[in-house]
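**Q** quick one: sequence and predicted model below, then my questions.
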Amino acid sequence: MPADESVYSYSAVLMGSPILLKLFQRDEALAGRVFNLIKHYEDLFTVNRADSEVMRVNRAAGREPVTVSPAVYQLIKCALAASLPAASAFNLTIGPLVKRWRIGFQGDSVPPAAEIEDLLTITRPQDVQLDDARRSVFLARKGMEIDLGAIAKGYIADRVRDLLRQSGVEEGLINLGGNVQTLGAPRGGWSIGLKKPFAGPDALAGAIEVANKSVVTSGTYERYFEQDGRRYHHILDPRTGYPLDNVLDSVTVISTDSLDGDIWTTLLYGAGPERGLTWLADRPDIEAIFVTKSREIILSSRRHFRFTLLDDSYRVIDCTA
Ligand code: FAD
Ligand code: MG
């Protein structure tokens, strides 16, 4: 979108991520309510501090069920449903491996293979037991840990959208560091940059134009470290315990709810473009943009967005063409 003085941007750092809110009217009070809402959910979901509702569930692993608030229960239930199918790369119980690798945090290193093998025994989603009547969560094995890092931002982006809508906002945007949710279509649509992997922070491979849609990107280029000439990024393969290794640099999902976008970026990252495209054939509500290491940009479809290539070193493959 061209620079426009009537756009008011509000920013903060929450959940270890840069947060950006865009409105078309000046409204500090509303921005404050948005940031407080995000903080509220961060306090419930975080596993990066000793205490949160999710950490209470984790600390009681192998001991007892823990009753949680409706939002935490709903999100854990949703994350479990995404984790149970055999072909799913999504795993809400990936926590012990995330904590051991520490990718994106100080002290990251490649763990010994034997340790990874051991940790795989406590990362089985089948060992999560839910009780709807009590709204309780029980992790059946000691040492298990739920990690909602691949889904919580999606949930929160949708709640921010709801708050903005209830507050009468017709056009607005929230970016939770890779999870973008939009309201309305200022000047025909919002333009969201598709980042060029492993380039500068402002380098774009393309632009995605949407209205009233969420745009979520999962990439290997934001949180990673290098050791002995190899790169290790933060999306782990629940089958091996190591970072998922395939042809992809990133996956972007366009959907109505950011929750779906967050789940599907992880699912599609794990599936890879070939299998991912067959899954998407049954889901007209989910569209994806795969960016491969060999500089292809694969568009699954183009029902709800427009795409503009901004970097000629990439080749666009449009599966609808
Ligand atoms: P996605 O690709 O959507 O998710 C990747 C993340 O999901 C990984 O970082 C890991 O946490 C988890 N994961 C890895 N593999 C799998 C898998 N196979 N299945 C399911 N999940 C997987 N970052 C900080 O640096 N400091 C903080 O204090 C901090 N606090 C946070 C608090 C909250 C409530 C949330 C939601 C995030 C926080 N983060 C923080 C960021 C967090 O550590 C992740 O890096 C971030 O959520 C990744 O989001 P993404 O959209 O980039 O990646
Ligand atoms: Mg995700």
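**A** Sure, I can see it. Ligands and ions are numbered 1, 2, ... in the order given.
**Q** going forward, measure contacts and count neighbours with C-alpha atoms only.
**A** OK.
**Q** run through this structure and note the low-pLDDT ranges.
**A** 1-5 (pLDDT under 70).
**Q** domain map for it?
**A** Domain assignment of the chain by automatic domain parsing yields the ranges 1-45+150-174, 63-139, 185-318.
**Q** now the ones you listed as a markdown table including mean neighbour count and distance to ligand 2?
**A** A markdown table is the format used below for the domains of the chain (neighbours: other Cα atoms under 10 Å; distance: least, Cα to the ion, whole Å):
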| stretch | mean neighbour count | distance to ligand 2 |
| --- | --- | --- |
| domain 1-45+150-174 | 16 | 4 |
| domain 63-139 | 17 | 9 |
| domain 185-318 | 19 | 4 |
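**Q** out of those, flag the one nearest Arg56.
**A** Proximity to Arg56 (Cα to Cα) singles out domain 63-139 among the domains of the chain, at 7.3 Å.
**Q** check whether that closest one contacts ligand 1.
**A** Yes: using Cα under 6 Å from any ligand atom, domain 63-139 comes into contact with ligand 1 via Ala89, Phe90, Asn91, Leu92, Ile94, Val98.
**Q** Leu139 and Gln129 touch, don't they?
**A** Yes: between Leu139 and Gln129 there is a contact at 6.4 Å, judged by Cα atoms under 8 Å.
**Q** which SS class is Glu115?
**A** Per DSSP: H, G, I helix; E, B strand; the rest coil, the local secondary structure of Glu115 is helix.
**Q** same deal with Val13?
**A** Note that with three-state DSSP, the state of Val13 is strand.
**Q** quick one: it from Phe35, how far?
**A** Using Cα to Cα, to the nearest Å, Val13 is found at 9 Å from Phe35.
**Q** tabulate the domains of the chain in TSV, adding columns for distance to Asp51.
**A** Putting the domains of the chain into TSV (distance: least, Cα to Cα, whole Å) gives the following:
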stretch	distance to Asp51
domain 1-45+150-174	8
domain 63-139	13
domain 185-318	23
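**Q** circling back: a markdown table for the residues of domain 63-139 next to ligand 1, including secondary structure and distance to Ile19?
**A** Shown next, in a markdown table, are the residues of domain 63-139 next to ligand 1 (DSSP: H, G, I helix; E, B strand; the rest coil; distance: Cα to Cα, whole Å):
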| residue | secondary structure | distance to Ile19 |
| --- | --- | --- |
| Ala89 | coil | 27 |
| Phe90 | coil | 24 |
| Asn91 | coil | 25 |
| Leu92 | coil | 24 |
| Ile94 | coil | 25 |
| Val98 | helix | 23 |
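**Q** how many neighbours does Ala61 have?
**A** Residues contacting Ala61 under the criterion other Cα atoms under 10 Å number 22.
**Q** surely it touches Ala140?
**A** Yes: applying Cα under 8 Å, one finds Ala61 in contact with Ala140, separated by 6.2 Å.
**Q** may I ask which helix or strand encompasses Thr320?
**A** Here Thr320, judged by DSSP states H and E, is contained in no helix and no strand.
**Q** and it, how many residues sit next to it?
**A** 9.
**Q** contacting residues around it?
**A** Thr320 is in contact with Leu299, Ser300, Ser301, Arg302, counting by Cα atoms under 8 Å, 6 or more residues apart in numbering.
**Q** again, but for Asp147
**A** Contacts for Asp147 (Cα under 8 Å, 6+ apart) come out as Val47, Leu92, Thr93, Ile94, Gly95.
**Q** once you drop chain neighbours, what's closest to the fourth one?
**A** On the basis of Cα to Cα, 6 or more residues apart in numbering, the spatially nearest residue to Ile94 that is not a chain neighbour turns out to be Thr123, at 5.5 Å.
**Q** quickly note the distance from that neighbour to Ile146.
**A** 9 Å.
**Q** mutual contacts of those two, please.
**A** If you check Thr123 and Ile146 against Cα under 8 Å, 6+ apart, the residues they both contact are Thr93, Ile94, Gly95.
**Q** partners of Ser250 in the sheet?
**A** Gly219, Val291 (DSSP bridges).
**Q** hmm, it is touching Phe290, no?
**A** Yes: between Ser250 and Phe290 there is a contact under Cα under 8 Å: 6.1 Å.
**Q** quick one: the helices in this structure, in order.
**A** Applying DSSP state H to the chain gives helices spanning 28-45, 53-59, 70-83, 95-101, 113-120, 152-166, 258-280.
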